[in-house]
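Novice: Have a look; sequence and predicted model below, questions after that.
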Amino acid sequence: MTKLITSLIVVLLGANLNYAQVGIGTETPQAMLDVAGTVLVQGETTLQQPLKLEYIHSEAVTQLTGNEIVLIADLNDQNIVKEVSLQNLSNGLGTYDLNRPNTSIYAAKKTSGFTLLSIGLLVAGFRPIDFTNANRTIGNQALFSDTTHAYTVPSSGVYEIDFDFKMGTGLQASLLTGNPGIGIVRTRGGSSILLDSKSFSGLGALLNITITDTKMNFVYSLQQDDQLTFGMTNSSVITLSLLTSSIASFHIRKIAGSPQ
């Protein structure tokens, strides 16, 4: 009889534990866990499985008040979800925050006093235009060297570069031999390559005209401390007289982090 009573007590106690309601801050819990008051969620939480961002791709967000907290999973740091404020998220995106300075921006324009330099042999046939900080229209002058006439990349990432050049009136009443044009040289660790180039266009032997108004615009993956030099390719046929009244300009800015 004693064994039977003991068994019944254990069964009833187990049943009560299975269906018990626990209250925190309340003596009359209405759920299995009933919390009266605030709940503190730590800023960094370990999960059994990493949170996948695709789980919330379908979540529609129509308006943000600035009071929200975003949970972000770093899949390179398994099982960790971090709490991020909207302000810090905006700072992290960087290029999408119009109020955050873009310290990579630099632009220069040269309209007179052209010289094609012969400082060192960067790439065969390439001669830099003598841009200096005196030609700067926007940007931090520390990004450009008057000694090397080169822009130094401040941080690794994807950069948009625009390079415009018009020699004289933009038309030459002759066909320039040797296929001259404009180019950008990248120097990394003491080694230089022609990053990109574009030749002037000719209108054929009958018209005997060369269009010397051209531009380049593209995006490039660059590394911190890369040096970029803007100049002319196959420039041996370009004389000082041809550079009279010429106009050259470039601008460069970082638009994204390093591509994956």
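Specialist: Cool, the structure landed. Numbering: from 1, shown residues only.

Novice: Would you map out the domains in this structure?
Specialist: Per the record, the chain has its domains at 2-35, 44-93, 106-256, by automatic domain parsing.

Novice: Is residue 232 bridged to anything, and to what?
Specialist: residue 127, residue 182 (DSSP bridges).

Novice: Could I get the full set of strands for the stretch 51-200 of the chain?
Specialist: Remark: strands assigned in the stretch 51-200 of the chain by DSSP state E, counting those that start in this stretch are 69-73, 80-85, 106-110, 127-128, 136-139, 144-145, 150-152, 157-172, 181-188, 191-199.

Novice: and the first one, average pLDDT?
Specialist: When pLDDT is averaged over strand 69-73, the result is 68.

Novice: residue contacts, the residue lying closest to residue 108 once chain neighbours are set aside?
Specialist: Distance criterion C-beta to C-beta, 6 or more residues apart in numbering; nearest residue to residue 108, sequence neighbours excluded, is residue 135 at 4.2 Å. C-beta coordinates here come from the backbone N, C-alpha and C atoms, glycine included. Residues counted as contacts of residue 135 (C-beta atoms under 8 Å, 6 or more residues apart in numbering) are 108-110.

Novice: Can you verify residue 230 is assigned to a strand?
Specialist: Yes - under DSSP: H, G, I helix; E, B strand; the rest coil, residue 230 sits within a strand.

Novice: And the pLDDT at it?
Specialist: 96.

Novice: and it, how far is that from residue 147?
Specialist: Using C-beta to C-beta, to the nearest Å, we find residue 230 at a distance of 15 Å from residue 147.

Novice: quick one, what contacts residue 258?
Specialist: When contacts are counted by C-beta under 8 Å, 6+ apart, residue 258 is found next to 156-158, 221.

Novice: how much space between it and residue 155?
Specialist: 9 Å.

Novice: And for residue 165, the neighbour number?
Specialist: 25 (other C-beta atoms under 10 Å).

Novice: need the contact list for it.
Specialist: Contacts of residue 165 by C-beta under 8 Å, 6+ apart are 182, 212-215, 232, 246-248.

Novice: Same check on residue 149?
Specialist: Residue 149 makes contacts with 117, 119, 128-132, 229, as judged by C-beta under 8 Å, 6+ apart.

Novice: 7 Å instead?
Specialist: 117, 128, 130-132, 229 (C-beta atoms under 7 Å, 6 or more residues apart in numbering).

Novice: One more: residue 184?
Specialist: 161, 163, 195-196, 228, 230.

Novice: go again using 10 Å as the cut-off
Specialist: 126, 151, 161, 163, 193-198, 216, 218, 220, 228-231, 233, 250, 252 (C-beta atoms under 10 Å, 6 or more residues apart in numbering).

Novice: And the pLDDT at it?
Specialist: Residue 184 is given a pLDDT of 97.

Novice: ok, back up a step: could you flag which of the contacts of residue 184 are buried?
Specialist: Neighbour counting over the contacts of residue 184 (16 or more other C-beta atoms under 10 Å) leaves 126, 151, 161, 163, 195-198, 216, 220, 228-231, 233, 250, 252 as the buried ones.
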